[in-house]
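Pasting the sequence and the predicted model now:
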Amino acid sequence: MKRRDFITLLGGAAASTIRPLAALAQRAEQPRRVGLIFIGRESDPQMQARIRALREGLATHGWIEGRHYRFDIRWSAADPEAERSQVTELAALAPDVIVVSAMNAAKALKQAGAISTVFVNLADPVGNGLVSTLKSSGGNITGFTAFEFKTAGKWLELLAEIAPGVNRAAFVFGGADFGSTGEGFYGVIAAAAATHGIELLPSASAPAPPRPTSRLPSANSQPRVAAA
């Protein structure tokens, strides 16, 4: 899906979440409050581009910032305690909807159950308890995911097909903290590595992988290493 199409869908989801709260004809009321909790830095051009794209997506549904809604933005550094504090801060502002790209904040909002929430690009929403199924959220939260852990196994399979001589692969993901997304990808890649007889070299924060029983390099061989 193209970025603009995705953002248009996101804007539509946010707008449709707000719309039942009041008729669009009631323009004289105070603008609706839209809380945002994004992982990243406010100074990051990519983050600002996402905010602009969200404004554009809402605009396609007739929602204009300052007239129909206002943003209350919090920036997260993937700190669980900080994210929960941000949820508390935004909840005190009584927003009509919160758009979130931080897993810990999304879980806190799901648990609170009082605020309509749209999550963006969070991994394994079913496994992380955000929604009951991908077809139905079953609560106050809905959203989009672009992470399918099973694709991680395909990455290693492609590596083995492209470079059949590779017998060791390094797994590098994000920073020092893997988080649930990194753990999900790592588990699938580790299983695929064992199947293909490839020794997986994790980063310092990853759990030790199972050692494969075949295709390991001999004591005199020079291993070929690729990053997965």
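In hand now; what should we look at? Numbering: from 1, shown residues only.

Quick test: name the residue nearest the centre of this protein.
residue 122 (2.4 Å; Cα atoms, centre = their mean).

Now it: closest residue in space that isn't a chain neighbour?
The shortest distance from residue 122 to any non-neighbouring residue, by Cβ to Cβ, 6 or more residues apart in numbering, is to residue 103 (5.5 Å). For every residue, glycine as well, the C-beta is placed using N, CA and C.

Quick one, grab the pLDDT at the one you found.
Note for residue 103: predicted pLDDT of 86.

contacting residues for residue 100?
Residues near residue 100 by Cβ atoms under 8 Å, 6 or more residues apart in numbering: 36-38, 106, 109, 117-120, 122.

which residues of this protein score low on pLDDT?
1-28, 174-180, 203-228 (pLDDT under 70).

try 80
1-29, 77-79, 127, 136-138, 146-148, 173-183, 202-228 (pLDDT under 80).

domains for it, by residue range?
3-144, 150-227 (automatic domain parsing).

quick one on the thing from earlier: among the contacts of residue 100, name the ones in strands.
36-38, 117-120 (DSSP state E).

where do the helices sit along the chain?
When secondary structure is read from DSSP state H, the chain shows helices at 3-18, 45-59, 80-92, 103-112, 150-162, 179-195.

so which of these is the most packed in?
Most buried of the helices of the chain by mean neighbour count (mean count of other Cβ atoms under 10 Å) is helix 103-112; its value is a mean of 22.

Now do that helix and helix 80-92, the angle between them.
50 degrees (axes from the mean of the first three to the mean of the last three Cα atoms, to 10 degrees).

Just the residues contacting helix 103-112, thanks.
By Cβ under 8 Å, 6+ apart, helix 103-112 touches 37, 76, 78, 80, 83-84, 86-87, 91, 98, 100, 115, 117, 119, 122-123, 128-130, 139-141, 143, 179-181.

what about dumping the CA coordinates of it to PDB?
Coordinates of the C-alpha atoms in helix 103-112 are reproduced here as PDB (Å, rounded to 0.1, in the frame of the first residue of the first chain):
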ATOM      1  CA  MET A 103       3.000  -0.300  22.000                       C
ATOM      2  CA  ASN A 104       3.100   0.400  25.800                       C
ATOM      3  CA  ALA A 105       0.900   3.400  25.400                       C
ATOM      4  CA  ALA A 106      -1.500   1.400  23.300                       C
ATOM      5  CA  LYS A 107      -1.700  -1.400  25.900                       C
ATOM      6  CA  ALA A 108      -2.400   1.200  28.600                       C
ATOM      7  CA  LEU A 109      -5.200   2.800  26.500                       C
ATOM      8  CA  LYS A 110      -6.600  -0.700  25.800                       C
ATOM      9  CA  GLN A 111      -6.600  -1.500  29.500                       C
ATOM     10  CA  ALA A 112      -8.200   1.800  30.400                       C
END
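
what's the angle from that helix to helix 179-195?
110 degrees.
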